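**Q** sequence and predicted structure, then a few things I'm wondering about:
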Amino acid sequence: MSTEKHGVWPNGARAAIALTLDNMGEAADLDRGLWPSTEPVGSHFSVVKIIPQILALLEKHDIHVTYFIESWNLSVYPETVDVIARAGHEIAWHAWRHEAWSELDESAEQINFRRSFGDEGLEGYFQKHRSGPVDQYRGFRPPGGLIHGERTLKLCRKYHLDYISPAAEQAAMVKTSPNDDLIAILPFRWTTVDALYYMETFGKLRKLKGFPSEKPLTPTELMQKYVDQINETIEHGGFLSLLFHPFLTTSSERLEAMEVVIKYLARKRDEGIIWLARCQDIAAHLHDHPNTVGEDPIWDVTLK
């Protein structure tokens, strides 16, 4: 649990919490060779059906999120990306096409950055949408949660990223070079990732994270675990990121569980107890007030 003290966040909030989304469309399936060659791209059910439902929930409760999107999507779903950004949500980076970051060698990592930020990715989007609402990427969430230490952090700063959101326990400000260049670490915990609760393939990780069974959990169990961790963060202070995947929000029960969490966050925000903000805003605050957090994010290398 984070060791930050109460009252260090804007307006005296006791904790900073970011609601985040991960993955868009077919990107991950294409990278893993799971997308049928006969199936066209550009109309994935999660983009067509689920994202509008989530955006409606967020608007209803006046919450802005950070959506970590693969750069491949900027040319495939530019209209959807625009809708998300115009609603006030942050568009952040989630690799080119959801490549498993820990498996990239040095050359592949550099290529992924160049492709994602270059003509095929962000720069190409800007050229075609000069009046579009998407700003420069401010942050990066590595697929799989693992990075290559200083190598990755230096690349992040080279491409002017303010923060990174890997798997770790607590927010931190970390040096990326001897001249004290800092990057904010705004991590996620696996226990606040919906995939840990819903996906069969995460059975072993569920056991490693202390769940009594490898079997998937229910939306009600996810909702309760999320609320418990929100309360723990409020009690101890610090930062917490909550993570949902649109492609996993495949039932009314899962959408309802998400709304319960959203409503709880909105209530705690309205009470002044938490600072509910986009990752880029929390990172900006930490760059202005680096002593708010420590220097050790307590990296989570469970999946290494």
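**A** The structure has been received and is ready for your questions. Residues are numbered from 1 along each chain as shown.
**Q** helix or strand: which one has the closest residue to residue 121 other than its chain neighbours?
**A** Distances taken as C-beta to C-beta, 6 or more residues apart in numbering put residue 71 closest to residue 121, at 3.6 Å, once the chain neighbours are dropped. For every residue, glycine as well, the C-beta is placed using N, CA and C. Taking DSSP states H and E as the definition, residue 71 sits outside all helices and strands.
**Q** now do the same for residue 71: its pLDDT.
**A** Residue 71 carries a pLDDT value of 98.
**Q** go ahead and confirm it touches residue 118.
**A** No. With contacts counted by C-beta atoms under 8 Å, residue 71 stays clear of residue 118, the gap being 9.0 Å.
**Q** neighbour-wise, which of these two wins?
**A** Higher neighbour count among residue 71 and residue 118: residue 71, with 25 against 13, using other C-beta atoms under 10 Å.
**Q** tell me the mean pLDDT over the longest strand anywhere in the chain?
**A** When every strand of the chain is counted residue by residue (DSSP state E), the longest turns out to be strand 15-22. Averaging pLDDT along strand 15-22 gives 98.
**Q** and what of stretch 196-212?
**A** Stretch 196-212 comes out at a mean pLDDT of 97.
**Q** residue ranges of the helices in the protein, please?
**A** Taking DSSP state H as the test, the helices found in the chain are 27-31, 45, 51-60, 73-76, 78-86, 106-117, 122-128, 149-158, 194-198, 203-208, 219-236, 252-270, 279-288.
**Q** follow-up on the earlier one: contacting residues for the residue nearest to residue 121?
**A** Taking C-beta atoms under 8 Å, 6 or more residues apart in numbering, we find residue 71 in contact with 93, 95-97, 115-117, 120-122.
**Q** same question for residue 251.
**A** Residues in contact with residue 251 (C-beta under 8 Å, 6+ apart) are residue 219.
**Q** which residues sit against the helix or strand of the chain with the lowest mean pLDDT?
**A** Least confident helix or strand of the chain, by mean pLDDT, DSSP states H and E, is helix 122-128 with a mean of 93. For helix 122-128, the external contacting residues (C-beta under 8 Å, 6+ apart) are 71, 74-75, 78, 81, 116-119, 132, 134, 136-137.
**Q** which one of the residues you listed is nearest to residue 45?
**A** If you rank the contacts of helix 122-128 by distance to residue 45 using C-beta to C-beta, residue 81 comes first, at 17.2 Å.
**Q** these two touch, right, the closest one and residue 69?
**A** Yes. Between residue 81 and residue 69 there is a contact under C-beta under 8 Å: 6.7 Å.
**Q** kind regards, and thank you for your time.
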